[in-house]
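Enquirer: My questions concern the predicted model and sequence given below.
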Amino acid sequence: MRPLRLDLDHVASADRYRAVGALLLVFSLAVAVALVLRYGDAAIELDRMQIARALVGTGRNSVKAVPKAKLDEEARTADAVLRQLTLPWPDIIRTIEEAATRDVAVLQMQPDALRRELRLSAEARNQDMMLEFLRRLASAKALGDVHIVSHQVQMEDPQRPLQFSILALMRERP
């Protein structure tokens, strides 16, 4: 029997593990490429979901709290605008046009939707024309409690017209 020969070379040869190392490197690179591609797909899918969420509006975006005073102010403003828009404008204008004559000129019309009042400023040739205009407005269905608030003769005008203001309550539509 012959004893086995021992290889006591303490310096390992480079050729011995080179193939295993190269194979391990190729495998690691393949896994890394697969992970990078998967990460890209996941990022694209996340973007799609965020876009869809934004379009649908189900996202819970952080909403800043608005002070109650500001909300109340905006509500009052919106309510005032709504009241102005819901005034019976066709009835009011028709009533004023039907009451007007050639001797009376309506200068200004100021509706107050909150109080349901209408203030008119007008000018008439004389007192009789002013009173006739007042009678016509008082007989209209759209207005009630029509009365003269003030009147004044325009002395600087050579024809001396009578400028006056009328206040009337606007009636609700039937």
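Expert: Yep, that arrived.

Enquirer: hang on, Gln152 in a helix?
Expert: No. Under DSSP: H, G, I helix; E, B strand; the rest coil, Gln152 sits outside any helix and is assigned strand.

Enquirer: and Val146, helix, strand or coil?
Expert: With three-state DSSP as the basis, Val146 sits in strand.

Enquirer: Who are the contact partners of it?
Expert: By Cβ atoms under 8 Å, 6 or more residues apart in numbering, the residues touching Val146 are Leu134, Leu137, Ala138, Ile166, Leu167, Ala168, Leu169. For the C-beta atoms, the positions are set from N, CA and C on the backbone; glycine is no exception.

Enquirer: Mind checking which of those are in strands?
Expert: Using DSSP state E, the subset of the contacts of Val146 located in strands is Ile166, Leu167, Ala168, Leu169.

Enquirer: ends of stretch 83-93, how far apart?
Expert: One end of stretch 83-93 sits 17 Å from the other (Cα to Cα, to the nearest Å).

Enquirer: the strands in the protein, which residues?
Expert: Using DSSP E, the strands found in the chain span residues 104-112, 117-124, 143-153, 162-170.

Enquirer: can you pull the buried residues of the second one?
Expert: Spelled out, that is strand 117-124. Residues Leu118, Leu120, Ser121, Ala122, Glu123, Ala124 are the ones in strand 117-124 that count as buried (16 or more other Cβ atoms under 10 Å).

Enquirer: Report pLDDT for the residue nearest to Asn126 when sequence neighbours are not counted.
Expert: Here the nearest residue to Asn126 in space, its sequence neighbours aside, is Leu162; by Cβ to Cβ, 6 or more residues apart in numbering that works out to 6.3 Å. Listed pLDDT for Leu162 reads 90.

Enquirer: Repeat that for Ala14.
Expert: Per-residue confidence (pLDDT) for Ala14: 62.

Enquirer: ok, now Leu120?
Expert: For Leu120, the pLDDT comes out at 92.

Enquirer: go on, Ser150?
Expert: For Ser150, the pLDDT comes out at 92.

Enquirer: What is the burial count for it?
Expert: Other residues near Ser150 come to 10 when the count uses other Cβ atoms under 10 Å.

Enquirer: give the contact list for it.
Expert: Applying Cβ under 8 Å, 6+ apart to Ser150 gives the contacts Phe164, Ser165.
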